[in-house]
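A.B. asks: predicted model and sequence follow; I will ask about them next.
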Amino acid sequence: MKNNLVLTLLLFTSIFSFGQQTIDGDLKELFKVELKNEIISNAVLQVYSKSKDINVQLFENEFGTEGSVTVNSPFYTASITKMLTATAIGILNDRKLLSFNDTISQYLPNKLLRGLHVLDGEEYSKKITITHLLQHTSGLPDYFEDQTTDGTPNIISQLFIKPEKIWTPEAIIEFTKINMTPHFIPGKGYHYTDTEYVLLGLIIEKVSGLKLEAFFKQEIFKPLKMYHSYMNLKSTPINETLPMQKFYASDTEISSLQSLSADWSGGGLVATTQDLIRFLEAFNKNKIVKNDTRLQMQNWEPETYGMDYGFGVRKVSFKKLMNQNTNLTVIGHSGSTASFLWYCPQTDTYVSGTLNQIEANKNALLMVFKILNLIQKKY
């Protein structure tokens, strides 16, 4: 009986070990296939599931050279930053220093607000709430990608036109007020815009008395041991960290532009895959904000078919988005540089990484689906 038990345990261990080697190899092959895309110069991926004992970290060196990128190289997370900015608001909400339903006029100066949201001759600036900003329902235009009223280049174009320009949050808001018009009355639609997250960054600074990068370090990075995370052009990581990975728009390297200062509380975070997974795991376990707050942040607003948006967090249904026969969903965020941070409840798996290429956004989400589909089939 005892011998049979030992044999069974050895057999189970052998099978489990073989299965682990198989999933590691399959994930490596999947990642390798994705990187055959010639526009991708460097990339990093981490797949983690405590319950399935999976922790695979992969990377691709720049142009095939050695030493350019490792699994410990931090990368520009772009709009994944919105998760941290929204979480910072959640922390302040938990401390009763503000409420999601407060109007932004309670925290921002009249000079900044005046003319912010004028539609058909009527001003709605003081009717915008913090919830509107978090969930992209304020109607405000997006300074990055929306068209200007007079043909002036929007800020994403100005990144290249004026690469050395340093943008302040106030200058971004002023540019938006002068050159763009709102889309709808606050609360009457959905329009994804970084303008709202610049305003949220200013609210965090006003309420906390700290610079945004200092608030992140004190309230998020240190408690969660995110020692390799920082805000681009604003701060340094807690521990000595490898250089930020380069990222590209087609074949143009843009990671060194000073004009990226325009990408602040909506997109300026630099972090490693491990730090990001620590953050999302802590968020899911109510270690950063209270359970009730986390649930409020996942009060979903339809974004597009297959995607819903909460407070700085996105939910994707692959069944709808990709017309696939699957129950797989992910919750997290993606970024314009093909960066991603997702948690899949069906497989209890975290997937984080980047392809460091603005033109590879769709590739990144498709790769995440393939990874999760593979894990679901294996387990």
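C.D. replies: Arrived safely.

A.B. asks: residue 343: what secondary structure?
C.D. replies: strand (DSSP: H, G, I helix; E, B strand; the rest coil).

A.B. asks: spatially central residue in this structure, please.
C.D. replies: In the chain, the C-alpha closest to the average C-alpha coordinate belongs to residue 80, at a distance of 1.0 Å (Cα atoms, centre = their mean).

A.B. asks: roughly how far does that residue sit from residue 87?
C.D. replies: Here residue 80 is placed at a distance of 11 Å from residue 87 (Cβ to Cβ, to the nearest Å). All C-beta atoms are positioned from the backbone trio N, CA, C, and that covers glycine.

A.B. asks: cool, and residue 130?
C.D. replies: Distance of residue 130 to residue 87, computed by Cβ to Cβ: 13 Å.

A.B. asks: same question for residue 28.
C.D. replies: The gap separating residue 28 from residue 87 is 32 Å, by Cβ to Cβ.

A.B. asks: the two: which has the busier surroundings?
C.D. replies: Neighbours per residue (other Cβ atoms under 10 Å) separate residue 28 from residue 87, with residue 87 holding more: 24 against 13.

A.B. asks: sec struct for that one, please.
C.D. replies: Look at residue 87: counting by three-state DSSP, its state is helix.

A.B. asks: swap in residue 172?
C.D. replies: State at residue 172, reduced to three classes by three-state DSSP: helix.

A.B. asks: could you do residue 315 as well?
C.D. replies: Per three-state DSSP, the secondary structure class of residue 315 is strand.

A.B. asks: surely the residue nearest to the centre of the chain touches residue 335?
C.D. replies: Yes: using Cβ atoms under 8 Å, residue 80 is in contact with residue 335, at 5.1 Å.

A.B. asks: can you give me the domain boundaries for this protein?
C.D. replies: By the assignment in automatic domain parsing, the chain contains the domains 39-79+239-378, 81-225.

A.B. asks: can you give me the end-to-end span of the last one?
C.D. replies: End-to-end distance of domain 81-225 (Cα to Cα, to the nearest Å): 17 Å.

A.B. asks: where does residue 63 land on pLDDT?
C.D. replies: With respect to pLDDT, residue 63 scores 50.

A.B. asks: mind jotting down where the strands sit in the stretch 1-150 of the chain?
C.D. replies: Under the criterion DSSP state E, counting those that start in this stretch, the stretch 1-150 of the chain carries strands at the ranges 43-49, 54-60, 75-76, 118-119, 122-123.

A.B. asks: hmm, who's touching the last one?
C.D. replies: Think strand 122-123. Around strand 122-123, the neighbours that count as contacts under Cβ atoms under 8 Å, 6 or more residues apart in numbering are 114-115, 117.

A.B. asks: of the residues you listed, keep whichever come out buried.
C.D. replies: With neighbours counted using 16 or more other Cβ atoms under 10 Å, those contain these buried positions: residue 117.
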